[in-house]
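Chemist: prediction below, plus the sequence it came from.
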Amino acid sequence: MTKKLLPLALLFAFMTGCQSLPQREPVIVPPKVMRSVDFTIPSRVSRRVSRGESLDLVLKLYVNKNGTVDKVSIQKSSGNRHLDRNAIIQARKMIFHAATKDSKFIESTVMLPIVYKMLRDDMPH
């Protein structure tokens, strides 16, 4: 009878020991820009912006498992709807190497701050 109890005792000890092992944290790699775009001030906006003035906005990009941008939302507006709309159109053209979790592609979000500054050469003639 002792011979049969020993394997069961070892199995129980092994199983309870497995439960106390610490869980490994998943390895998450954020998305990486593969193709960026030029965020330029549309001419109808540049006519209304003073030299040296800057307009800031922050976009939130929703990047899918293929690395393309599915959706863009405005987190902070520039205060100019034409400029905001143009930035959204341009951001949708960006391509990313998708984020990964334990080497598997996952959906992710990216916060994209954009600063438009009107320089002398940008002024319409």
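Modeler: Looks like it came in fine.

Chemist: just give the number of residues close to the nearest residue to H97 once chain neighbours are set aside.
Modeler: Nearest non-adjacent residue to H97, counting by Cβ to Cβ, 6 or more residues apart in numbering: K32, 4.5 Å away. Heads up, the C-betas are built off the backbone N, CA and C, glycines and all. Residues lying near K32 (other Cβ atoms under 10 Å) number 11.

Chemist: hang on, K32 packs against M94?
Modeler: No: judged on Cβ atoms under 8 Å, K32 makes no contact with M94 at a distance of 11.2 Å.

Chemist: so who does T68 touch?
Modeler: I95, F96 (Cβ atoms under 8 Å, 6 or more residues apart in numbering).

Chemist: please apply the same query to S50.
Modeler: M118.

Chemist: check the gap between it and E107 for me.
Modeler: Separation of S50 from E107 (Cβ to Cβ, to the nearest Å): 40 Å.

Chemist: so F96 sits in a strand?
Modeler: Yes: counting by DSSP: H, G, I helix; E, B strand; the rest coil, F96 is found in a strand.

Chemist: can you tell me how far Q75 is from T109?
Modeler: 10 Å.

Chemist: quick one: common contacting residues for these two?
Modeler: Between them, Q75 and T109 have K60 as joint contacts when contacts are counted by Cβ under 8 Å, 6+ apart.

Chemist: could I get the buried residue list for stretch 39-59?
Modeler: Residues of stretch 39-59 classed as buried: F39, I41, V45, V49, L55, L57, V58, L59 (neighbour count, 16 or more other Cβ atoms under 10 Å).

Chemist: and K71, how many residues sit next to it?
Modeler: When neighbours are counted by other Cβ under 10 Å, K71 comes out with 12.

Chemist: that one against Y62, yeah?
Modeler: Yes: here K71 reaches Y62: they are 4.1 Å apart, a contact under Cβ under 8 Å.

Chemist: as JSON lines, the buried residues of stretch 39-59 with secondary structure would be great.
Modeler: As requested, those are exported to JSON lines (three-state DSSP):
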{"residue": "F39", "secondary structure": "coil"}
{"residue": "I41", "secondary structure": "coil"}
{"residue": "V45", "secondary structure": "helix"}
{"residue": "V49", "secondary structure": "coil"}
{"residue": "L55", "secondary structure": "strand"}
{"residue": "L57", "secondary structure": "strand"}
{"residue": "V58", "secondary structure": "strand"}
{"residue": "L59", "secondary structure": "strand"}
